[in-house]
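Colleague: Quick check, what structure comes out for this input:
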Amino acid sequence: MFVGEFRHALDPKGRLTIPSSWRLRTEGGGDAYLALPDVGGYITVYGPEMALQLKERIAQVGMSDLAGQRAIAQIMSGAQRFSLDKAGRINLNTRLIEHGGIKKEAVLLGKMASFSIFSAEVYEAQTKADPQTLAAALSRFGL
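Modeller: From the prediction side, this is the model:
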């Protein structure tokens, strides 16, 4: 489960440290994460189990579903599959770093089943929600 907010610097090689509590493995021993460019201008990362579930869902999209196939192609063309190195870091590719506008500092935000990687600037701009907007969103979840 991915929860909390963490700030880490992107090193010169494009590596980013993942919080130790977020370093997951599947029951089968797999540890492949999947990073996707999000339409909100940040990066969404799925852990190993969610990446496998997403793979199964995408396999269900029929060849005759042209809109679905186009969406899959567009999203997956910017995707990256990776594992953590021994120090618990990921190595984001240039395309994702540019998509997220990440220069030096990245903000990692846990969203339970996934986590997002923001540039510090985008994160600050998106988290300035007024209390009424936040209350309306929380009511959608019954909170």
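
Colleague: contacts and neighbour counts: CA atoms only from here.
Modeller: Fine.

Colleague: Leaving aside the residues adjacent along the chain, what's closest to the residue nearest the centre of the chain?
Modeller: Closest residue to the average C-alpha location of the chain: Thr44 at 1.8 Å, with Cα atoms, centre = their mean. Nearest residue to Thr44 in three dimensions, chain neighbours excluded: Ser116, at 4.5 Å (Cα to Cα, 6 or more residues apart in numbering).

Colleague: SS state for the one you found?
Modeller: Using DSSP: H, G, I helix; E, B strand; the rest coil, the structure places Ser116 in strand.

Colleague: Pairing partners for it in the sheet, please.
Modeller: Under DSSP bridges, the beta-bridge partners of Ser116 are Thr44, Leu109.

Colleague: still on that earlier bit, correct me if wrong: the residue nearest to the centre of the chain contacts Met50.
Modeller: No - between Thr44 and Met50 there is no contact under Cα atoms under 8 Å: 11.7 Å.

Colleague: got the residue ranges for the helices in the chain?
Modeller: Using DSSP state H, the helices of the chain run over residues 48-59, 66-77, 94-100, 120-126, 131-140.

Colleague: and the second one, what other elements does it pack with?
Modeller: When contacts are defined as 3 or more Cα pairs under 8 Å, 6 or more residues apart in numbering; DSSP states H and E, helix 66-77 packs onto strand 33-37.

Colleague: Paired strands for the strand it packs on, with orientation please.
Modeller: Counting by DSSP bridges, the strands paired with strand 33-37 are strand 43-46 (antiparallel), strand 80-82 (antiparallel).

Colleague: Look up the pLDDT of Ile72 for me, please.
Modeller: You'll see Ile72 listed with a pLDDT of 94.

Colleague: What separation do you get for the nearest residue to it once chain neighbours are set aside and Gln80?
Modeller: With Cα to Cα, 6+ apart as the criterion, Ile72 has its nearest non-adjacent residue at 7.6 Å, and that residue is Ile58. Ile58 is 16 Å from Gln80, where distance means Cα to Cα, to the nearest Å.

Colleague: Neighbour count: those two, which is higher?
Modeller: Legend: neighbour count by other Cα atoms under 10 Å for Ile58 and Gln80, higher for Gln80 (18 against 13).
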